[in-house]
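Undergrad: sharing a model prediction with you, sequence too.
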Amino acid sequence: MCVKIGLCSDHAGLDYKAKLIKKLEKKGFEVVDYGTSSHESCDYCDFAHALAHGIESGEVEKGIALCGTGNGMAITLNHHHGLRAGLAWNVEVGKLIKEHNNAQVLVLPARFVSYRMASAITEAWLESEFEGGRHLRRIEKIEP
């Protein structure tokens, strides 16, 4: 079965997003691009909401979001009920947001990591599994 993954970015993350889409498709993922498709300044929220709706509706199973710092995407995505988005700037953090937080969305800070690092973080996040146990108990306490 092919895993469907959604990607989104603002103008700052567009180039990395395009490279990640090609990489993921080569690995056999079916990719849905939720925008942007331009280098013109845009509002990250529009694309974060589109990705979140894709996950909520079941169109995609998980996602990757990119913007300059990653913070805007993460904040917007985490406003969606039941969605967990984690901002990662190195491989270890990328692994832990899946292993400990079961994040459905990986958020990357395109202006603060190289593409090589963004790619390595993505690999680590995709290959990691949620550990459950005490981490499940903590996740269950996130929603009020």
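TA: Arrived safely, thanks for sending. The structure displayed is predicted, hence computed values, not measured ones.
Undergrad: so what does the lowest-mean-pLDDT helix or strand in the chain touch, helix or strand wise?
TA: The weakest-scoring helix or strand in the chain, judged by mean pLDDT, DSSP states H and E, is helix 134-140 (a mean of 94). Applying 3 or more CB pairs under 8 Å, 6 or more residues apart in numbering; DSSP states H and E, one finds that helix 134-140 contacts no other helix or strand. (Each C-beta comes from the backbone N, C-alpha and C, glycine too.)
Undergrad: neighbouring contacts of that helix?
TA: 84, 99-102, 130 (CB atoms under 8 Å, 6 or more residues apart in numbering).
Undergrad: now the residues you listed in JSON lines, with neighbour count and pLDDT?
TA: Listed next are those as JSON lines, based on neighbours: other CB atoms under 10 Å; pLDDT from 0 to 100:
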{"residue": "84", "neighbour count": "17", "pLDDT": "98"}
{"residue": "99", "neighbour count": "17", "pLDDT": "98"}
{"residue": "100", "neighbour count": "17", "pLDDT": "97"}
{"residue": "101", "neighbour count": "17", "pLDDT": "97"}
{"residue": "102", "neighbour count": "17", "pLDDT": "97"}
{"residue": "130", "neighbour count": "14", "pLDDT": "97"}
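Undergrad: isn't residue 34 right up against residue 55?
TA: No: the pair residue 34 and residue 55 does not pass the contact test of CB atoms under 8 Å, sitting 10.1 Å apart.
Undergrad: hey, what's in contact with both of those two?
TA: 6, 63.
Undergrad: what are the buried residues along the strand or helix carrying residue 74?
TA: Using DSSP states H and E, residue 74 falls within helix 71-77. Across helix 71-77, burial judged by 16 or more other CB atoms under 10 Å covers 72-74, 76-77.
Undergrad: cool, and stretch 110-122?
TA: Neighbour-count burial for stretch 110-122 [16+ other CB under 10 Å]: 110, 113, 117-119, 121-122.
Undergrad: ditto for stretch 123-136
TA: 124-126, 128.
Undergrad: possible to save these as TSV with distance to residue 91, secondary structure and pLDDT?
TA: Output for the buried residues of stretch 123-136, formatted as TSV (distance: CB to CB, whole Å; DSSP: H, G, I helix; E, B strand; the rest coil; pLDDT from 0 to 100):
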residue	distance to residue 91	secondary structure	pLDDT
124	5	helix	98
125	9	helix	98
126	12	helix	98
128	10	coil	97
